[in-house]
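Participant: Pasting the sequence and the predicted coordinates here, then a few questions.
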Amino acid sequence: MLREAVCGMDETALIAAAQRGSVDAFNELVLKYQQQVYNLAYRIIGDPASAADATQETFIAAYRHLSEFRGGSFKSYLLRIASNCCYDELRRRKRRPANSFEDLWELEEEANPWLINGDEGPEEKAERQELAHLIQRGIGTLPYDQRVILVLSDVEGMSYQEIAEIVNIPLGTVKSRLARARGKLRDFLREQEELLPARYRLE
């Protein structure tokens, strides 16, 4: 199937074509969702290279198992696979040296150019970087099950119901894990308060 032919298809048609073996159709789905999958992976793992690996593994797994997709939210289907790939990647990282947070921060804007705000001044940019650095460190201290839910909710902006479908847990469990994750992140930021820019310090 020619790429020109798939560009005008809606998502349902693209999925159906991809299930019939169209690589072009699947590539259109990759283009649509790769940024969101990478953002999720980066926030969960905290390392650009590992997040890129998890993103690649997500789409490989999604393609291999596409025949098992029976409808519903394709985004939720992808993010469920991505969360599992992130878990596998974190397990692998435990067996090899990790980058320091300083190295991570130097890489972050190179790997995430969309984080750069051209309208801000040098001081605002430095404060934003300091805050984002600390928040990412705090996310990295959370247990994996809480970390995934916090990122899906507070970074990706997904609803409790969407998260429950992605992680495959009851709605009440989503809410309780999110509350615990937010509490732990708040405690972490309080402990690091002297490192926070003044205007971001907690009362």
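Facilitator: Okay, I see it.
Participant: Please count neighbours and contacts with C-alpha atoms only from this point.
Facilitator: Will do.
Participant: For the protein, give me the ranges with low pLDDT.
Facilitator: 1-8, 95-128, 194-203 (pLDDT under 70).
Participant: Now with 80, please.
Facilitator: Applying pLDDT under 80 to the chain picks out residues 1-8, 93-133, 192-203.
Participant: Where do the domain boundaries of it fall?
Facilitator: Taking automatic domain parsing as the reference, the chain has its domains at 1-109, 117-203.
Participant: TSV for those domains, including mean neighbour count?
Facilitator: Output for the domains of the chain, formatted as TSV (neighbours: other CA atoms under 10 Å):
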stretch	mean neighbour count
domain 1-109	17
domain 117-203	16
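Participant: what about the helices in the chain?
Facilitator: Ranges of helices in the chain, per DSSP state H, are 3-7, 11-19, 23-45, 48-64, 74-93, 101-111, 122-140, 144-150, 160-167, 171-191.
Participant: Now do the third one against helix 74-93, angle only.
Facilitator: Relative orientation of helix 23-45 and helix 74-93, computed by axes from the mean of the first three to the mean of the last three CA atoms, to 10 degrees: 50 degrees.
Participant: same for helix 23-45, what does it pack against?
Facilitator: helix 3-7, helix 11-19, helix 48-64, helix 74-93, helix 122-140 (3 or more CA pairs under 8 Å, 6 or more residues apart in numbering; DSSP states H and E).
Participant: For the residue nearest the centre of the chain, which residues are in contact?
Facilitator: What sits nearest the mean C-alpha location of the chain, by CA atoms, centre = their mean, is L40, with 0.4 Å. The neighbours of L40, taking CA atoms under 8 Å, 6 or more residues apart in numbering as the test, are L79, A82, V151, L152, E156.
Participant: and the two most separated of those residues?
Facilitator: Farthest apart among the contacts of L40 by CA to CA are A82 and E156. That separation is 13.3 Å.
Participant: Send me stretch 185-196 as CSV with only the CA atoms.
Facilitator: Extracted in CSV, the C-alpha atoms of stretch 185-196 (Å, rounded to 0.1, in the frame of the first residue of the first chain):
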residue,chain,number,x,y,z
LEU,A,185,6.5,13.4,45.7
ARG,A,186,5.4,16.3,47.9
ASP,A,187,7.5,14.9,50.8
PHE,A,188,10.5,14.6,48.5
LEU,A,189,10.2,18.2,47.4
ARG,A,190,9.8,19.4,51.0
GLU,A,191,13.0,17.5,51.9
GLN,A,192,14.7,19.2,48.9
GLU,A,193,13.1,22.6,49.6
GLU,A,194,16.4,24.5,49.8
LEU,A,195,17.2,23.4,46.2
LEU,A,196,13.9,24.7,44.9
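Participant: Turn the helices and strands packed on helix 23-45 into a markdown table, columns for distance to Y33.
Facilitator: Conversion of the helices and strands packed on helix 23-45 to a markdown table gives the following (distance: least, CA to CA, whole Å):
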| stretch | distance to Y33 |
| --- | --- |
| helix 3-7 | 15 |
| helix 11-19 | 11 |
| helix 48-64 | 10 |
| helix 74-93 | 7 |
| helix 122-140 | 22 |
